[in-house]
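**Student:** Sequence and predicted structure are below.
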Number of protein chains: 2
Amino acid sequence: MKRLSTLVRIAIVCVMVISSILVAASSAQVSTPESVPYPDGYREWMHVKSALITPQSRGFKRFGGLHNIYANAKALEGYRTGVFADGAVIVADFLETQEKDGDISEGKRRFIDVMQKDSKRFAQTGGWGFEEFSSDSKTERTLTNPTKECFQCHTTKQESGFVFSSMRK
Amino acid sequence: MKRLSTLVRIAIVCVMVISSILVAASSAQVSTPESVPYPDGYREWMHVKSALITPQSRGFKRFGGLHNIYANAKALEGYRTGVFADGAVIVADFLETQEKDGDISEGKRRFIDVMQKDSKRFAQTGGWGFEEFSSDSKTERTLTNPTKECFQCHTTKQESGFVFSSMRK
(Lines give C-alpha, C1' and ligand atoms only; values in the text may rest on other atoms or scores of the structure.)
Protein backbone atom coordinates (compact mmCIF):
# COMPACT_ATOMS: atom_id res chain seq x y z
CA MET A 1 0.00 0.00 0.00
CA LYS A 2 2.81 2.37 0.93
CA ARG A 3 4.63 1.43 -2.27
CA LEU A 4 1.49 2.17 -4.32
CA SER A 5 1.16 5.58 -2.64
CA THR A 6 4.76 6.40 -3.53
CA LEU A 7 4.20 5.36 -7.15
CA VAL A 8 1.09 7.57 -7.33
CA ARG A 9 3.12 10.51 -6.00
CA ILE A 10 5.85 9.91 -8.55
CA ALA A 11 3.23 9.68 -11.30
CA ILE A 12 1.66 13.00 -10.24
CA VAL A 13 5.04 14.73 -10.24
CA CYS A 14 5.78 13.29 -13.70
CA VAL A 15 2.45 14.55 -15.05
CA MET A 16 3.18 18.04 -13.65
CA VAL A 17 6.66 18.14 -15.17
CA ILE A 18 5.42 16.91 -18.55
CA SER A 19 2.55 19.43 -18.49
CA SER A 20 4.99 22.27 -17.81
CA ILE A 21 7.18 21.17 -20.70
CA LEU A 22 4.18 20.94 -23.03
CA VAL A 23 2.87 24.40 -22.02
CA ALA A 24 6.30 25.91 -22.63
CA ALA A 25 6.68 24.12 -25.94
CA SER A 26 3.25 25.19 -27.17
CA SER A 27 4.12 28.82 -26.56
CA ALA A 28 6.02 30.39 -29.42
CA GLN A 29 6.92 33.28 -27.14
CA VAL A 30 9.67 31.41 -25.33
CA SER A 31 13.03 33.12 -25.47
CA THR A 32 15.46 31.36 -27.80
CA PRO A 33 19.12 31.92 -28.61
CA GLU A 34 17.91 33.95 -31.61
CA SER A 35 15.74 36.19 -29.44
CA VAL A 36 16.19 39.91 -29.14
CA PRO A 37 16.42 40.76 -25.42
CA TYR A 38 14.14 43.17 -23.60
CA PRO A 39 15.64 46.68 -23.98
CA ASP A 40 16.22 47.57 -20.34
CA GLY A 41 16.15 51.30 -19.63
CA TYR A 42 14.88 52.29 -23.07
CA ARG A 43 12.55 54.91 -21.59
CA GLU A 44 15.64 56.97 -20.78
CA TRP A 45 17.00 56.76 -24.32
CA MET A 46 16.64 59.67 -26.70
CA HIS A 47 13.17 60.22 -28.11
CA VAL A 48 13.27 60.02 -31.91
CA LYS A 49 9.69 61.00 -32.75
CA SER A 50 6.03 60.25 -32.07
CA ALA A 51 2.96 59.55 -34.20
CA LEU A 52 -0.69 58.64 -33.91
CA ILE A 53 -2.40 55.84 -35.84
CA THR A 54 -6.12 56.67 -35.82
CA PRO A 55 -9.11 54.36 -36.39
CA GLN A 56 -9.23 55.73 -39.96
CA SER A 57 -5.85 54.14 -40.72
CA ARG A 58 -5.65 50.70 -42.27
CA GLY A 59 -2.89 49.99 -39.74
CA PHE A 60 -5.16 50.72 -36.79
CA LYS A 61 -5.86 47.18 -35.64
CA ARG A 62 -2.21 46.22 -35.56
CA PHE A 63 -0.54 49.51 -34.55
CA GLY A 64 -3.39 51.84 -33.51
CA GLY A 65 -2.79 54.49 -30.86
CA LEU A 66 0.05 56.81 -30.01
CA HIS A 67 3.59 55.53 -30.41
CA ASN A 68 6.90 56.97 -29.33
CA ILE A 69 10.22 55.85 -30.77
CA TYR A 70 13.44 55.69 -28.73
CA ALA A 71 17.03 54.95 -29.78
CA ASN A 72 20.13 53.90 -27.88
CA ALA A 73 23.47 55.67 -28.41
CA LYS A 74 24.55 53.41 -31.28
CA ALA A 75 21.22 53.85 -33.03
CA LEU A 76 21.51 57.64 -32.68
CA GLU A 77 24.79 57.41 -34.56
CA GLY A 78 22.97 55.38 -37.21
CA TYR A 79 20.28 58.03 -37.66
CA ARG A 80 23.04 60.64 -38.12
CA THR A 81 25.28 58.67 -40.46
CA GLY A 82 22.75 56.45 -42.21
CA VAL A 83 24.72 53.37 -41.14
CA PHE A 84 23.51 51.41 -38.13
CA ALA A 85 26.35 49.58 -36.37
CA ASP A 86 26.00 46.33 -34.45
CA GLY A 87 24.54 47.07 -31.03
CA ALA A 88 22.10 49.69 -32.32
CA VAL A 89 18.66 49.22 -30.75
CA ILE A 90 15.45 51.05 -31.63
CA VAL A 91 12.24 50.74 -29.63
CA ALA A 92 8.73 51.73 -30.71
CA ASP A 93 6.49 52.09 -27.66
CA PHE A 94 2.83 51.60 -28.60
CA LEU A 95 0.22 53.08 -26.28
CA GLU A 96 -3.55 53.17 -26.15
CA THR A 97 -5.07 56.64 -26.26
CA GLN A 98 -7.70 58.46 -24.23
CA GLU A 99 -9.71 61.28 -25.79
CA LYS A 100 -11.43 64.05 -23.86
CA ASP A 101 -12.91 67.14 -25.49
CA GLY A 102 -10.60 66.83 -28.48
CA ASP A 103 -7.45 66.28 -26.44
CA ILE A 104 -5.82 62.90 -27.06
CA SER A 105 -3.54 61.67 -24.29
CA GLU A 106 -1.54 58.50 -23.70
CA GLY A 107 -3.21 55.43 -22.23
CA LYS A 108 -1.93 52.01 -21.24
CA ARG A 109 0.98 50.40 -23.05
CA ARG A 110 -0.16 47.97 -25.78
CA PHE A 111 3.28 46.53 -26.60
CA ILE A 112 6.79 47.52 -27.51
CA ASP A 113 8.54 46.62 -30.75
CA VAL A 114 12.30 46.26 -30.63
CA MET A 115 14.86 46.04 -33.42
CA GLN A 116 18.46 45.21 -32.65
CA LYS A 117 21.38 45.27 -35.09
CA ASP A 118 23.62 42.21 -35.07
CA SER A 119 24.89 41.57 -38.56
CA LYS A 120 26.10 38.04 -37.79
CA ARG A 121 23.10 36.68 -35.88
CA PHE A 122 20.58 38.29 -38.20
CA ALA A 123 22.42 38.11 -41.51
CA GLN A 124 19.26 36.88 -43.28
CA THR A 125 17.24 39.97 -42.33
CA GLY A 126 19.47 42.91 -43.13
CA GLY A 127 21.37 42.46 -39.89
CA TRP A 128 18.34 43.26 -37.76
CA GLY A 129 16.58 41.07 -35.24
CA PHE A 130 13.06 41.96 -34.17
CA GLU A 131 10.91 41.31 -31.12
CA GLU A 132 7.61 42.39 -29.61
CA PHE A 133 6.89 42.41 -25.87
CA SER A 134 3.34 42.55 -24.56
CA SER A 135 2.16 45.51 -22.48
CA ASP A 136 4.59 46.17 -19.61
CA SER A 137 6.03 42.66 -19.63
CA LYS A 138 9.76 42.10 -20.03
CA THR A 139 9.29 38.43 -20.84
CA GLU A 140 5.99 37.92 -22.68
CA ARG A 141 6.82 37.78 -26.38
CA THR A 142 3.81 38.14 -28.64
CA LEU A 143 4.92 36.94 -32.08
CA THR A 144 5.63 33.44 -33.39
CA ASN A 145 8.52 34.47 -35.59
CA PRO A 146 9.10 38.17 -34.88
CA THR A 147 12.22 38.69 -36.98
CA LYS A 148 10.65 37.15 -40.05
CA GLU A 149 7.27 38.81 -39.53
CA CYS A 150 8.63 42.32 -38.90
CA PHE A 151 11.23 42.18 -41.64
CA GLN A 152 8.51 41.60 -44.23
CA CYS A 153 7.71 45.31 -43.93
CA HIS A 154 11.16 46.62 -43.00
CA THR A 155 12.68 45.08 -46.11
CA THR A 156 11.02 47.89 -48.10
CA LYS A 157 13.27 50.44 -46.35
CA GLN A 158 16.64 49.12 -47.47
CA GLU A 159 17.75 52.60 -48.59
CA SER A 160 17.56 53.82 -44.98
CA GLY A 161 19.17 50.76 -43.40
CA PHE A 162 15.78 48.99 -42.99
CA VAL A 163 14.69 51.69 -40.51
CA PHE A 164 11.36 53.47 -41.06
CA SER A 165 11.83 56.43 -38.73
CA SER A 166 14.12 59.42 -39.05
CA MET A 167 15.29 61.65 -36.23
CA ARG A 168 13.27 64.81 -35.68
CA LYS A 169 15.50 67.76 -34.93
CA MET B 1 29.41 122.78 -46.93
CA LYS B 2 31.73 120.14 -45.47
CA ARG B 3 30.39 120.92 -41.99
CA LEU B 4 26.82 120.51 -43.23
CA SER B 5 27.73 117.16 -44.78
CA THR B 6 29.24 116.02 -41.49
CA LEU B 7 26.10 117.12 -39.65
CA VAL B 8 23.93 115.22 -42.12
CA ARG B 9 26.04 112.11 -41.60
CA ILE B 10 25.76 112.45 -37.83
CA ALA B 11 22.01 112.93 -38.17
CA ILE B 12 21.70 109.79 -40.30
CA VAL B 13 23.68 107.75 -37.79
CA CYS B 14 21.53 109.12 -34.96
CA VAL B 15 18.34 108.19 -36.83
CA MET B 16 19.68 104.66 -37.39
CA VAL B 17 20.62 104.27 -33.74
CA ILE B 18 17.28 105.61 -32.51
CA SER B 19 15.41 103.37 -34.98
CA SER B 20 17.28 100.33 -33.68
CA ILE B 21 16.43 101.27 -30.11
CA LEU B 22 12.77 101.77 -30.99
CA VAL B 23 12.57 98.48 -32.86
CA ALA B 24 14.11 96.69 -29.90
CA ALA B 25 11.88 98.49 -27.40
CA SER B 26 8.72 97.79 -29.37
CA SER B 27 9.49 94.09 -29.26
CA ALA B 28 8.41 92.46 -26.03
CA GLN B 29 10.54 89.44 -26.95
CA VAL B 30 13.80 91.01 -25.87
CA SER B 31 15.71 88.95 -23.34
CA THR B 32 15.73 90.54 -19.88
CA PRO B 33 17.48 89.64 -16.64
CA GLU B 34 14.25 87.87 -15.64
CA SER B 35 14.20 85.77 -18.80
CA VAL B 36 14.31 82.01 -18.87
CA PRO B 37 17.18 80.95 -21.17
CA TYR B 38 16.80 78.72 -24.20
CA PRO B 39 17.10 75.09 -23.03
CA ASP B 40 20.13 73.98 -25.02
CA GLY B 41 20.21 70.24 -25.72
CA TYR B 42 16.68 69.57 -24.47
CA ARG B 43 16.00 67.14 -27.33
CA GLU B 44 18.38 64.72 -25.65
CA TRP B 45 16.63 64.96 -22.29
CA MET B 46 14.27 62.23 -21.14
CA HIS B 47 10.91 62.13 -22.87
CA VAL B 48 8.12 62.51 -20.29
CA LYS B 49 5.06 61.97 -22.49
CA SER B 50 3.29 63.11 -25.65
CA ALA B 51 -0.23 64.24 -26.54
CA LEU B 52 -2.28 65.54 -29.43
CA ILE B 53 -4.54 68.61 -29.31
CA THR B 54 -7.02 68.21 -32.16
CA PRO B 55 -9.13 70.86 -33.92
CA GLN B 56 -12.04 69.68 -31.75
CA SER B 57 -10.25 70.92 -28.63
CA ARG B 58 -10.90 74.40 -27.29
CA GLY B 59 -7.13 74.67 -26.83
CA PHE B 60 -6.45 74.04 -30.52
CA LYS B 61 -5.67 77.58 -31.62
CA ARG B 62 -3.14 78.12 -28.85
CA PHE B 63 -1.67 74.62 -28.42
CA GLY B 64 -2.97 72.57 -31.38
CA GLY B 65 -0.89 69.73 -32.82
CA LEU B 66 1.34 67.07 -31.33
CA HIS B 67 3.47 67.99 -28.35
CA ASN B 68 6.27 66.12 -26.62
CA ILE B 69 7.47 66.94 -23.13
CA TYR B 70 11.11 66.63 -22.03
CA ALA B 71 12.71 67.02 -18.59
CA ASN B 72 16.30 67.63 -17.46
CA ALA B 73 17.83 65.53 -14.68
CA LYS B 74 16.64 67.80 -11.87
CA ALA B 75 13.12 67.81 -13.24
CA LEU B 76 13.14 63.99 -13.44
CA GLU B 77 13.88 63.97 -9.72
CA GLY B 78 10.93 66.31 -9.27
CA TYR B 79 8.57 63.99 -11.14
CA ARG B 80 9.73 61.14 -8.88
CA THR B 81 9.61 62.96 -5.55
CA GLY B 82 6.90 65.54 -6.20
CA VAL B 83 9.31 68.32 -5.25
CA PHE B 84 11.02 70.25 -8.05
CA ALA B 85 14.39 71.67 -6.97
CA ASP B 86 15.96 74.83 -8.32
CA GLY B 87 17.50 74.09 -11.70
CA ALA B 88 14.68 71.81 -12.84
CA VAL B 89 13.68 72.58 -16.43
CA ILE B 90 10.73 71.16 -18.37
CA VAL B 91 10.19 71.73 -22.09
CA ALA B 92 7.00 71.19 -24.07
CA ASP B 93 7.81 70.92 -27.78
CA PHE B 94 4.78 71.87 -29.89
CA LEU B 95 4.67 70.57 -33.47
CA GLU B 96 2.33 70.89 -36.39
CA THR B 97 0.87 67.63 -37.65
CA GLN B 98 0.50 66.01 -41.05
CA GLU B 99 -2.29 63.50 -41.68
CA LYS B 100 -2.27 60.86 -44.39
CA ASP B 101 -4.81 58.03 -44.59
CA GLY B 102 -5.53 58.24 -40.87
CA ASP B 103 -1.87 58.33 -39.82
CA ILE B 104 -0.90 61.53 -38.00
CA SER B 105 2.79 62.37 -38.03
CA GLU B 106 4.87 65.25 -36.77
CA GLY B 107 5.24 68.43 -38.82
CA LYS B 108 7.21 71.62 -38.32
CA ARG B 109 7.90 72.99 -34.86
CA ARG B 110 5.37 75.65 -33.80
CA PHE B 111 7.13 76.76 -30.61
CA ILE B 112 8.60 75.41 -27.41
CA ASP B 113 7.40 76.29 -23.93
CA VAL B 114 9.97 76.22 -21.16
CA MET B 115 9.53 76.29 -17.39
CA GLN B 116 12.55 76.68 -15.13
CA LYS B 117 12.59 76.42 -11.34
CA ASP B 118 14.39 79.21 -9.51
CA SER B 119 12.66 79.88 -6.22
CA LYS B 120 14.40 83.20 -5.64
CA ARG B 121 14.05 84.79 -9.07
CA PHE B 122 10.50 83.59 -9.54
CA ALA B 123 9.21 83.74 -5.97
CA GLN B 124 5.96 85.38 -7.12
CA THR B 125 5.01 82.50 -9.42
CA GLY B 126 5.56 79.38 -7.37
CA GLY B 127 9.29 79.45 -8.04
CA TRP B 128 8.83 78.89 -11.78
CA GLY B 129 9.83 81.14 -14.64
CA PHE B 130 8.26 80.57 -18.04
CA GLU B 131 9.25 81.29 -21.63
CA GLU B 132 8.13 80.52 -25.15
CA PHE B 133 10.48 80.39 -28.16
CA SER B 134 9.15 80.59 -31.70
CA SER B 135 9.63 77.67 -34.09
CA ASP B 136 13.31 76.60 -34.17
CA SER B 137 14.61 79.93 -32.90
CA LYS B 138 16.77 80.09 -29.80
CA THR B 139 16.25 83.84 -29.43
CA GLU B 140 12.80 84.79 -30.67
CA ARG B 141 10.56 85.01 -27.63
CA THR B 142 6.87 85.12 -28.43
CA LEU B 143 5.13 86.36 -25.28
CA THR B 144 4.98 89.81 -23.72
CA ASN B 145 5.09 88.58 -20.15
CA PRO B 146 5.57 84.80 -20.35
CA THR B 147 5.96 84.04 -16.66
CA LYS B 148 2.79 85.91 -15.74
CA GLU B 149 0.81 84.60 -18.71
CA CYS B 150 1.78 80.95 -18.29
CA PHE B 151 1.42 80.94 -14.54
CA GLN B 152 -2.24 81.95 -14.83
CA CYS B 153 -2.93 78.33 -15.83
CA HIS B 154 -0.14 76.60 -13.92
CA THR B 155 -1.33 78.14 -10.65
CA THR B 156 -4.21 75.62 -10.75
CA LYS B 157 -1.70 72.75 -10.32
CA GLN B 158 -0.21 73.75 -6.99
CA GLU B 159 -0.70 70.24 -5.58
CA SER B 160 1.75 68.87 -8.15
CA GLY B 161 4.32 71.65 -7.83
CA PHE B 162 2.60 73.73 -10.57
CA VAL B 163 3.47 71.06 -13.15
CA PHE B 164 0.71 69.68 -15.39
CA SER B 165 2.45 66.59 -16.71
CA SER B 166 3.36 63.38 -14.94
CA MET B 167 6.01 60.89 -16.01
CA ARG B 168 4.77 57.97 -18.08
CA LYS B 169 6.43 54.71 -17.05
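**Tutor:** Now that the structure is in, tell me what you want to look at.
**Student:** what residues does chain A put near chain B?
**Tutor:** A:43-44, A:46-47, A:49-60, A:66, A:68, A:70, A:95, A:101-106, A:136, A:168-169 (C-beta under 8 Å from any C-beta of the partner chain). For every residue, glycine as well, the C-beta is placed using N, CA and C.
**Student:** Take those and keep only those in helices.
**Tutor:** Residues of the residues of chain A next to chain B located in helices (DSSP state H): A:F60.
**Student:** Give me the buried entries from the residues of chain A next to chain B.
**Tutor:** If you count burial by 16 or more other C-beta atoms under 10 Å in any protein chain shown, the buried members of those come out as A:43, A:46-47, A:49-54, A:57, A:66, A:68, A:70, A:95, A:103-106, A:168.
**Student:** and the longest strand for chain A?
**Tutor:** When chain A is scanned for its longest strand (criterion: DSSP state E), the result is strand A:103-117.
**Student:** what lines up beside it in the sheet?
**Tutor:** In its sheet, strand A:103-117 lies beside strand A:89-100 (antiparallel), strand A:128-134 (antiparallel), strand B:46-53 (antiparallel), with partners assigned from DSSP bridges.
**Student:** between these, which gets nearest to A:G161?
**Tutor:** Ranking those by distance to A:G161, with C-beta to C-beta as the measure, places strand A:128-134 first at 8.6 Å.
**Student:** Scan the helices and strands of chain A for the one with the lowest mean pLDDT.
**Tutor:** helix A:2-26 (a mean of 57; mean pLDDT, DSSP states H and E).
**Student:** pLDDT below threshold where in chain A?
**Tutor:** A:1-4, A:7-8, A:10-34 (pLDDT under 70).
**Student:** Next, name the residue at the spatial heart of it.
**Tutor:** Nearest to the mean C-alpha position of chain A, by C-alpha atoms, centre = their mean, lies A:E132 at 1.9 Å.
**Student:** partners of it in the sheet?
**Tutor:** Counting by DSSP bridges, A:E132 forms beta bridges with A:D113.
**Student:** so how far is A:D93 from it?
**Tutor:** Between A:E132 and A:D93 the distance is 11 Å, computed by C-beta to C-beta, to the nearest Å.
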